[in-house]
Structure formats: structure tokens, C-alpha cells
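1. next one to model:
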Amino acid sequence: MQGLIEFLKSDTYALISSLTIILLFIGFIILIISSRKISNKYNKFMKKIGNGKNIEEDLEKFMNKVDQVGKQNSEIIGLCKNLDEDVSKCIQKIGIVRYSAFKDTGSDLSFAVALLDEKNNGIVFNGIYSREMSNIYAKPVENGNSTYTLSEEEIQAIEKAIKSNDIYKAR
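-> This next block holds a predicted model:
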């Protein structure tokens with residue numbers, strides 16, 4: 001221990017420490033110079049790629065635009081989901097049945113029309129034609145059924161609408 005303390009107090013230790021500090025300082029200066037050279041080369045390279053402009057700035061602008069597009073896409077997706085929900089409530093299924101309500105009329109001038117949404121809710125119209133008069137009746141439809149008594153033709157129109165496989169659905 002005594003020997004170590006004497007070595008630390010000696011001129012040799014001071015000389016070795018001074019040389020080490022000088023070498024470290026020289027190494028530090030060399031690192032700074034090489035770092036600046038690399039930085040200058042990088043800047044020249046980026047300007048060459050960008051045709052005189054700094055490509056780094058262009059890349060930053062591009063990334064900002066990408067972020068904006070991402071936000072807009074999120075908004076558009078939300079709007080599309082709202083539209084899908086609204087469309088499910090629109091008329092998408094139609095069933096039509098023509099028939100002759102009375103034997104004294106010649107053609108199938110009476111009709112039943114069912115207009116249903118995605119969940120088979122809507123309305124069924126029944127137009128009954130005779131030589132003396134014409135009447136139209138409307139009945140609500142929920143889940144393919146009505147709380148009112150349905151005629152055979154109205155039932156057929158509802159079944160046709162349900163089986164129409166959403167051929168009228170907006171996609």
C-alpha cells in the first residue's frame with residue numbers, strides 16, 4: 001500500500017497521466033473532425049438525392065401528409081359505418097304479387113307489394129281493384145309479420161321480399 005502511494009506521488013505517475021490525457025484529447029479531436037466530415041457527406045448526399053433540395057425536409061413534409069391522410073381515413077371509416085347503419089334501415093327487399101280479386105274482372109289488376117328493410121321491417125300495400133271502385137290498404141310489417149290479419153297475397157308478397165336476397169340493397 002505504501003508503494004502505491006509513493007508511485008502516485010512520483011513524477012512518473014504525473015508524466016503517464018499527462019500523456020494519457022493528451023492522447024485522449026487528440027482522440028477526441030479526431031472523433032469531432034470525422035463526425036463533421038460524415039455530417040457534411042450526409043448533407044451533400046441528401047441534397048443530391050433531392051435535386052438541390054434537402055430531402056430530409058421533404059421526408060418530414062411527406063410524413064406529416066401521411067399522418068393527415070391517416071386521420072382523414074379514420075374519419076371516412078367512421079362515416080362509412082354510420083352510412084351502413086342508416087342503409088340497413090332503408091328499403092332493400094321488395095316483393096310484388098299481382099292477382100285478380102274478383103272473378104268479374106279480366107286481368108290481374110289487384111296487387112300486394114311488400115317493402116322491407118334489412119331486418120324484414122316495413123310495410124305491405126294491398127290494392128284491390130273492381131269495376132266499381134279501387135281500394136288500397138297498408139299494414140305495418142315487423143320481422144316479416146304483421147299484427148294485422150294478412151291476406152294470402154300479402155303473405156306471398158312478404159315472402160317474396162324476404163327471399164329476394166337483398167337484390168335491391170345498395171352496396
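
2. per-residue confidence at the residue nearest the centre of the chain?
-> Centroid-nearest residue in the chain: residue 77, 3.3 Å away (criterion: C-alpha atoms, centre = their mean). pLDDT, residue 77: 93.

3. how about it, secondary structure?
-> helix (DSSP: H, G, I helix; E, B strand; the rest coil).

4. distance of it relative to residue 84?
-> Using C-beta to C-beta, to the nearest Å, one gets 11 Å for the distance from residue 77 to residue 84. For glycine as for every other residue, the C-beta is placed from the backbone atoms N, C-alpha and C.

5. cool, and residue 71?
-> According to C-beta to C-beta, residue 71 stands 21 Å off from residue 84.

6. likewise residue 160?
-> Taking C-beta to C-beta as the measure, residue 160 falls 25 Å from residue 84.

7. neighbour-wise, which of these two wins?
-> Set residue 160 next to residue 84 and count neighbours by other C-beta atoms under 10 Å: residue 160 wins out with 17 against 10.

8. starting at the chain centroid, how far to the one helix or strand residue 12 maps to?
-> Take DSSP states H and E as the rule and residue 12 turns out to sit in helix 11-49. Taking C-alpha atoms, centre = their mean, to the nearest Å, one finds the center of helix 11-49 at 52 Å from the center of the full chain.
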